[in-house]
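Colleague: my questions are about this predicted structure, shown below with the sequence.
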Amino acid sequence: MAEYAIKKVVKLGYEEALAKIPALLKEEGFGILTEIDVKETLKKKLNVDFQRYKILGACNPPFAHQALSADLDIGVMLPCNVVVYEGKDGQTQVSAINPAFTIERAGNPKLTKLTRQVSQKLAQVLEKL
C-alpha cells in the first residue's frame, strides 16, 4: 500500500538540503509558493521549542491548472507540500506529499494519471538529493 508521503533521509545537512530543493523542484517544473518555518512559528505563538522544520509549498502551474480544471475542490490539496526537518538523531529528513495516495482516494478518474505524474516528479526531486 502506498504511503501518504514520499520520504528520504538525506546525507546533507538541514540548511544544505533546504538550499538545494528549490533548484531541484524547478527542474521538475515546480516553484515554491510558500515557506513555513514551523520552529519559528511554534516559538512565537506558543513559546515552545521545536526542532528545525520547514514546510515548502511547491506548485507546478500546468499540473495545478489541469487538476483544478478537473475538480475545483482539489484546491484544498494545493500546493504540494515538501517538508524538511532535522530528526532527533541529527539526520535530515525530506518528505513530500504523495498525491497518488491522497487525491486518488477522491475517486475522480480525471485526476488519476495526473496525480501519478506529480508523485513521480516529486519522487525524482527527493532521489536527486
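Modeller: Cool, got the structure.

Colleague: how about the longest helix seen in the chain: buried residues?
Modeller: Counting by DSSP state H, the longest helix found in the chain is helix 109-128. Across helix 109-128, burial judged by 16 or more other C-beta atoms under 10 Å covers Leu111, Leu114, Thr115, Val118, Ser119, Lys121, Leu122, Ala123, Val125, Leu126. For the C-beta atoms, the positions are set from N, CA and C on the backbone; glycine is no exception.

Colleague: just give me the closest of the residues you listed to Gln51.
Modeller: Of all the buried residues of helix 109-128, Leu126 has the smallest distance to Gln51: 19.6 Å, by C-beta to C-beta.

Colleague: can you pull the contacts of the closest one?
Modeller: Ile6, Lys7, Lys8, Val94, Ala96 (C-beta atoms under 8 Å, 6 or more residues apart in numbering).

Colleague: most surrounded residue in these?
Modeller: Neighbour counts for the contacts of Leu126 peak at Ala96, which has 26 neighbours (criterion: other C-beta atoms under 10 Å).

Colleague: quick one: the strand or helix carrying it to chain centroid distance?
Modeller: Assessed by DSSP states H and E, Ala96 sits inside strand 92-97. From the chain centre to the centre of strand 92-97 is a distance of 7 Å (C-alpha atoms, centre = their mean, to the nearest Å).

Colleague: name the residues that touch the helix or strand just after that strand?
Modeller: Per DSSP H and E, the first helix or strand lying C-terminal to strand 92-97 is helix 99-102. Residues from elsewhere that reach helix 99-102 (C-beta under 8 Å, 6+ apart): Ala2, Glu3, Tyr4, Met77, Cys80, Thr115, Arg116, Val118, Ser119.
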